[in-house]
Every structure is written in C-alpha cells, then in structure tokens.
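Chemist: what's the 3D shape of this:
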Amino acid sequence: MIFRRKKTEPDDAEPLYYDADDDMEEAEAPAERFDSGAESIRERAQRLRRREMAEREESARRQREWRRASMRKRRAAFVESHRGLLIRAAAAVSVVLLLAGIVYYLAAAHRVTDVEVSGNTMRTDEEIADIVCAGPLGHNSLYLAFRYRERSVEDVPFVEKMTVEIVSPHRIRVTVYEKALAGYVSYLGSYMYFTRDGTVVESSSEEVEGIPEVTGLSFDHILLQEKLPVDDASVFDRILRITQLLNKYNLAVDRIYFDSLNSLTLFYGEVRVNMGQDSYMDEKISNLAQILPKLEGQSGTIDLTGFTPSNHAGISFMEKMN
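Modeler: Residues are numbered from 1 along each chain as shown. As a prediction, this is how the structure comes out:
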C-alpha cells in the first residue's frame, strides 16, 4: 500500500490519501514480471503462431462445412425442381440397361458355331459360311432366320442360289445350288462362263477348276445374261453332250476345241485327243477313260477319228518327241 501526497500541497505538507488503483497495480506487477521471466520471446512467438494456425484451421473447417451445406441445399433444390425429369431419365436408363441385357443374352444364346454346307464344288465350306454369315449380326441364328425367312442367298458368283435352314440356335445348314456351267471362253482378258444352252452367266478373272475352256468358236461380242453369238447354235448341244459324257466317265479335260469343220478335239494335260465327229461319242470317251491313266506323264496325240465299236484298231497314239 502506497500513500502519496496531494500534488496541490507543498512537499512538507502532512495530509495523505489512499490510492486503491495503485494498490491493484502493485499487486499485479509481480505476476507480470514473473510471466515475462518464465516465458521467453521465442516461446511466446511459437504459442502465438500455434494459436493463429488453429484459428485458421478452424476458419477453413467452418468454410468447408458451409460450402458442403450450401452444396447440399443447391442439390436438394435442383432435385426438387427437376424431379420429373430425373425420374424419366432414370426410367430411360433402366430400359436401356434392360434392352442391353436382352441383346447380350440373345447374342450369346443364339450364336452360330457350326455351319453345315452341301452342294458346293466351286467354293470351300469356309467361303460359303463367310458369305451366309456376313455382317455384324451374321453369326446370330435368330437374325439369320429372319434374314433368310422368305428368300435365299443370291448374287453369288457361279451360284444359282443358296438356302439356309436353322437346325438349332448354334447350328445352320446351307444348301448350295451352283450354276450348271458347260465351259468358258476367253474374251478381252476375262473368262466368260456360259451354261449348257450357251447363256453367259459369269465374268471372272479366275479359272474355275473342272470347267473346260472352249475354243474355236467365232463371235464378235459377248453380253452377260445373253447367249454367245455364234453362227451355229447347235454347238451348245454338242458341248452339253460332251460334258455329260465326260462327267459320266469322271474325266476332266482342260480344253475343248472345234475346228472349222466342227471336228472335236479334247486337251488333257499334255495329251491331245482327236475325237472327230459325234459318231460313237459315248464309246470313244469310254475307251478314252481307260487309255488316259496309262499315258500319265507322257505327251502326244491320241487319234479316235477312225474308231468304231467293231474296229478298236482305229485308236492310235503318237507320242510327242522332245
């Protein structure tokens, strides 16, 4: 407790007064001096820094919570204002997913894994299967059943038509009906294939095995789906007769030639066969089927022009000298 003189009185004056505020300052002073002594400046700065960081984190946390709450409110308001649209969108997505599931099931449960092909001689089974099962859904039996329900496969070279039968969800049967080709002629760098009545049905850059080339015919033009414009149309009857006999005796010649006198010559590898006119043609080709295997690897000319059923001596072979 401190007693002071009044400032208005002389220094030697006796009256004093009691100052309570000073007494409080006296009481607090020792504590302040103690704190400043116990806490260094660095520690105080660290404590203030930690407090500031805590306040910043708290402020950031409150901002995040405010943003989350604001986002929830906006989302709730959007959902409320677009409820009908969202319901329709959810329904549309559900329908799409359902359809996708159905399509996937149908694709897996009706995938064609076995193709049975019959009647084809000019193309392989794999080529026929690729033609029938062409397209992104070509290996689905349901799609094939709808696709070929009332029609056959057409517009295939050398093929009249192909029918498709669904045997099971994973198996189909293809029947090929090939065009009845009698031969072909070379014209302007292409092979023009014609049927037994002389109608040109195919133009191709490839030779088909088993179909003979016919030479010696005279024509000045060729049109698809029209007969070859030859002077004597009866030549096609002769070609038909010859090809039927060749098929009968399992002979596949490379070339059929008609000279200016309509005499017939066949070419079989390196062997030339002079057949002459059409007399005894069945017997000539029957004997030829027995002779040709014996001449395998040889080249020369077989002459059957003088052959008769009673004169087999009319058959001769002149080997070609190298």
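Chemist: which residues in the stretch 101-250 of the chain form helices?
Modeler: Under the criterion DSSP state H, counting those that start in this stretch, the stretch 101-250 of the chain contains helices at 125-132, 141-147, 235-248.
Chemist: any low-confidence regions in the stretch 201-322 of the chain?
Modeler: For the stretch 201-322 of the chain, residues meeting the criterion pLDDT under 70 lie at 314, 321-322.
Chemist: now the stretch 1-150 of the chain
Modeler: The model of the stretch 1-150 of the chain has pLDDT under 70 over residues 1-39.
Chemist: Please repeat the previous calculation with a cut-off of 80.
Modeler: 1-39, 78-84, 86, 102-108, 150 (pLDDT under 80).
Chemist: all strands for the stretch 101-250 of the chain, in order.
Modeler: 114-118, 159-168, 171-178, 181-187, 190-195, 200-204, 213-215 (DSSP state E, counting those that start in this stretch).
Chemist: buried ones in the longest one?
Modeler: So the one you mean is strand 159-168. For strand 159-168, the neighbour count (16 or more other Cβ atoms under 10 Å) marks Val159, Met162, Val164, Ile166 as buried. In this view, the C-beta of every residue, glycine as well, is placed from N, C-alpha and C.
Chemist: ok, now the shortest one?
Modeler: Of the residues in strand 213-215, those scored as buried under the neighbour-count criterion (16+ other Cβ under 10 Å) are Glu213, Val214.
Chemist: Packing partners of the longest helix along the chain?
Modeler: For the chain, the helix with the greatest residue count under DSSP state H is helix 41-81. Helices and strands touching helix 41-81, by 3 or more Cβ pairs under 8 Å, 6 or more residues apart in numbering; DSSP states H and E: there are none.
Chemist: still on that earlier bit, show me which pair in the buried residues of strand 159-168 is furthest apart.
Modeler: Greatest spacing in these, by Cβ to Cβ: Val159 and Ile166 (20.1 Å).
Chemist: hang on, the earlier thing: between the helices of the stretch 101-250 of the chain, which one is closest to Gly210.
Modeler: helix 235-248 (9.4 Å).
Chemist: Downstream of the closest one, the next helix or strand is which one?
Modeler: strand 255-258 (DSSP states H and E).
Chemist: Just the residues contacting that next one, thanks.
Modeler: By Cβ atoms under 8 Å, 6 or more residues apart in numbering, the surrounding residues in contact with strand 255-258 are 183, 212-217, 235, 238-239, 242, 264-267.
Chemist: again, 6 Å this time
Modeler: Pro212, Glu213, Val214, Thr215, Gly216, Thr265, Phe267 (Cβ atoms under 6 Å, 6 or more residues apart in numbering).
Chemist: Please identify the buried residues of that strand?
Modeler: Ile256, Tyr257, Phe258.
Chemist: To what extent is the residue nearest to the second one when sequence neighbours are not counted buried, counted in neighbours?
Modeler: Going back to what we said before, that points to Tyr257. Leaving aside its sequence neighbours, Tyr257 sits nearest to Thr265 (Cβ to Cβ, 6 or more residues apart in numbering; 4.3 Å). Using other Cβ atoms under 10 Å, Thr265 has 19 other residues around it.
Chemist: same deal with Asn247?
Modeler: 11.
Chemist: Same question for Ala109.
Modeler: For Ala109, the neighbour count with other Cβ under 10 Å is 12.
Chemist: Find the nearest non-adjacent residue to it, please.
Modeler: Pro169 is the one closest to Ala109 (Cβ to Cβ, 6+ apart), at 6.2 Å.
Chemist: Can I get the strands of the stretch 101-250 of the chain in JSON lines including distance to Arg149?
Modeler: Shown next, in JSON lines, are the strands of the stretch 101-250 of the chain (distance: least, Cβ to Cβ, whole Å):
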{"stretch": "strand 114-118", "distance to Arg149": "18"}
{"stretch": "strand 159-168", "distance to Arg149": "9"}
{"stretch": "strand 171-178", "distance to Arg149": "13"}
{"stretch": "strand 181-187", "distance to Arg149": "30"}
{"stretch": "strand 190-195", "distance to Arg149": "29"}
{"stretch": "strand 200-204", "distance to Arg149": "27"}
{"stretch": "strand 213-215", "distance to Arg149": "40"}
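Chemist: among those strands, which is nearest Leu98?
Modeler: So among those, strand 159-168 is nearest, using Cβ to Cβ, at 26.1 Å.
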